[in-house]
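Undergrad: no sequence on this one, just coordinates:
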């Protein structure tokens, strides 16, 4: 399998890894047919009924040459052909006692099809894998034991050899097919990535630059133009995240993560308990829940690969991030910048929210909790505590605030959500 590019667009050229095996099988069938006929010609006088052997070899000769197109590839090699081909081989084995003498058979003389029989078994192996090979080789083994009349040493040796070889080849074919599928999938992903990069370049040279210019001009003009510039800046951030990482927000339902999507102040964050899909056991990519928070003043940084987390836990964690960002807007002002960093650890997921605001004065959190404002205590720490995680807040007056949110990947039972987030 190879990838060719033409006019800047990747094109996948498929080539089956098992095709050489089919060509080798076709050659093997012809050579072993000629070998069987030649061996019979040298021992013609020793056969009891040579006319029966001649009739069988005529059928074998015509069948081998006429069926070469049937062993050209896996599509042509149908189940009916395999059954008919194996029947020809088994028939030759079973009529050997009628054509040959008893003494030659007991002395270890070959059957009429001789080693041509292995070609039929190998066709089963290449077509269907080791299970089909085991089935065909077992029938051949039974026919050989019936032909000999008793399990002689050389017969058992030949039977085991064909059985082991066919199963091994069938297993190798299965592994090769699995590897081919994996390679095909990787090439498709690579081709899609290249196409996305090409589109990203085109978008960067046109749409993103226009949105950035509208944002800058709107900020200078102010008024309605300033609002238009702000919206253009948010769309620029969302579009840039889309073309760079291929992320699409999982939910755009009203009320969920709308602070990040629109930047409208005071918008509430919907929790996992308010979403009907929150109880779904299917994992979700946490990044898709955090993308809506990215704006012109909020930067999202992720590992570049899916961050899988249970849906309910991901929504609770995203809601805690929304609560932290709402605190940034409320206490640091609309113009404050914030950064969201997502880290996918082996046993946990860590999301850090940092801002460049004035920080939190010492004792302010304890005072707010005593006054009944439980934004940090409940909307952030409480959510993560229910998931078996935690939140660590570091703030230095005049140097901003950093909130580190940690959720384990193996969760304990999640308690019912608490509703809308309270602010500190």
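TA: Right, received. Where do you want to start? Note that the structure is a prediction, hence the values are computed from the model and not measured. Residues are numbered from 1 along each chain as shown.
Undergrad: Now residue 76. Nearest residue, chain neighbours left out?
TA: residue 70 (5.1 Å; CB to CB, 6 or more residues apart in numbering). Glycine gets a C-beta too; all of them are placed from N, C-alpha and C.
Undergrad: cool, residue 303 as well?
TA: residue 344 (5.1 Å).
Undergrad: okay, now the one you found: neighbour count?
TA: 18 (other CB atoms under 10 Å).
Undergrad: what's across from it in the sheet?
TA: residue 349 (DSSP bridges).
Undergrad: Got the phi and psi for the closest residue in space to residue 128 that isn't next to it in sequence?
TA: Excluding the flanking residues, the one nearest residue 128 by CB to CB, 6+ apart is residue 170, at 7.2 Å. Residue 170 adopts backbone torsions of phi -60, psi -40, taken as degrees, to the nearest 10.
Undergrad: same thing with residue 353?
TA: With angles defined as degrees, to the nearest 10, residue 353 sits at phi -110, psi 120.
Undergrad: That one reaches residue 338, doesn't it?
TA: Yes: counting by CB atoms under 8 Å, residue 338 is a contact partner of residue 353 at 6.4 Å.
Undergrad: Can you work out which residues contact both of these two?
TA: Counting by CB atoms under 8 Å, 6 or more residues apart in numbering, the contacts common to residue 353 and residue 338 are 325, 328.
Undergrad: Now do the helices in the stretch 51-200 of the chain.
TA: Using DSSP state H, counting those that start in this stretch, the helices of the stretch 51-200 of the chain run over 79-94, 96-99, 102-106, 117-128, 130-148, 153-203.
Undergrad: Return the helix or strand in this protein with minimum mean pLDDT.
TA: Scoring the helices and strands of the chain by mean pLDDT, DSSP states H and E places helix 258-262 at the bottom, with a mean of 37.
Undergrad: picking up where we left off before, how much space between the residue nearest to residue 76 and residue 176?
TA: 21 Å (CB to CB, to the nearest Å).
Undergrad: got it, and residue 226?
TA: Residue 226 is 62 Å from residue 176, by CB to CB.
Undergrad: likewise residue 239?
TA: 43 Å.
Undergrad: now do residue 30
TA: 24 Å.
Undergrad: Let me know the average pLDDT across stretch 88-106.
TA: If you average the pLDDT over stretch 88-106, you get 87.
Undergrad: now what about that stretch, what contacts it?
TA: 46-50, 52-53, 56, 59-60, 63, 109, 111-113, 116-117, 120, 139-140, 143-144, 146-149, 152.
Undergrad: Can you flag the buried ones in the residues you listed?
TA: 47, 52-53, 56, 60, 109, 111-113, 116-117, 120, 139-140, 143-144, 147-148, 152 (16 or more other CB atoms under 10 Å).
Undergrad: ok, the residue nearest to residue 76 - contacts?
TA: 76-78, 81.
Undergrad: Check residue 48 too.
TA: So residue 48 contacts 98-101 (CB under 8 Å, 6+ apart).
Undergrad: which SS class is it?
TA: Judged by DSSP: H, G, I helix; E, B strand; the rest coil, the three-state class of residue 48 is coil.
Undergrad: can you give me phi and psi for it?
TA: Torsion angles, degrees, to the nearest 10, at residue 48: phi -70, psi -40.
Undergrad: Could you measure from it over to residue 314?
TA: Residue 48 is 80 Å from residue 314, by CB to CB.
Undergrad: How many neighbouring residues does residue 217 have?
TA: Residue 217 has 14 nearby residues by other CB under 10 Å.
Undergrad: And residue 61, by the same measure?
TA: The burial count for residue 61: 15, using other CB under 10 Å.
Undergrad: hang on, it packs against residue 30?
TA: No: using CB under 8 Å, residue 61 makes no contact with residue 30, being 9.9 Å away.
Undergrad: ok, now which ones touch the nearest residue to residue 57 once chain neighbours are set aside?
TA: Of all residues not flanking residue 57 in the chain, residue 37 sits nearest, at 5.2 Å (CB to CB, 6+ apart). Contacts for residue 37 (CB under 8 Å, 6+ apart) come out as 57, 60-61.
Undergrad: Start and end of stretch 42-56, how far apart?
TA: 16 Å (CA to CA, to the nearest Å).
Undergrad: Oops, could you answer that again for stretch 282-295 instead?
TA: 28 Å.
Undergrad: For the chain, list the residue farthest from the centre, please.
TA: residue 45 (63.1 Å; CA atoms, centre = their mean).
Undergrad: just how off-centre is the helix or strand containing residue 39 within its chain?
TA: Residue 39 is located in helix 19-42, with elements delineated by DSSP states H and E. Taking CA atoms, centre = their mean, to the nearest Å, the mean C-alpha location of helix 19-42 is offset from the chain mean by 41 Å.
Undergrad: now do stretch 166-178
TA: For stretch 166-178 - counting by CA atoms, centre = their mean - the centre lies 21 Å from the chain centre.
Undergrad: looking at the contacts of residue 70, which has the most residues close by?
TA: That'd be residue 77 among the contacts of residue 70, by other CB under 10 Å, with 22 neighbours.
Undergrad: Which residue is the nearest non-sequential neighbour of it?
TA: Residue 77 sits nearest to residue 127 (CB to CB, 6+ apart), 5.1 Å away.
Undergrad: next one: residue 335
TA: Counting by CB to CB, 6+ apart, the residue nearest residue 335 is residue 297, at 7.1 Å.
Undergrad: Near the one you found, how many other residues are there?
TA: 20.
Undergrad: residues contacting it?
TA: Residue 297 neighbours (CB under 8 Å, 6+ apart): 334-338.
Undergrad: what about residue 395, neighbour count?
TA: Counted with other CB under 10 Å, residue 395 comes out at 19.
Undergrad: In terms of helix, strand or coil, where does residue 340 fall?
TA: With three-state DSSP as the criterion, residue 340 reads strand.
Undergrad: what's the distance between the residue nearest to it when sequence neighbours are not counted and residue 332?
TA: The shortest distance from residue 340 to any non-neighbouring residue, by CB to CB, 6+ apart, is to residue 300 (4.7 Å). The gap separating residue 300 from residue 332 is 18 Å, by CB to CB.
Undergrad: one step back: how about TSV for the helices of the stretch 51-200 of the chain, with distance to residue 326 added?
TA: Below are the helices of the stretch 51-200 of the chain laid out as TSV (distance: least, CB to CB, whole Å):
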stretch	distance to residue 326
helix 79-94	65
helix 96-99	87
helix 102-106	91
helix 117-128	60
helix 130-148	60
helix 153-203	31
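Undergrad: out of these, deepest packed?
TA: Greatest average neighbour count among the helices of the stretch 51-200 of the chain goes to helix 117-128 (a mean of 25), per mean count of other CB atoms under 10 Å.
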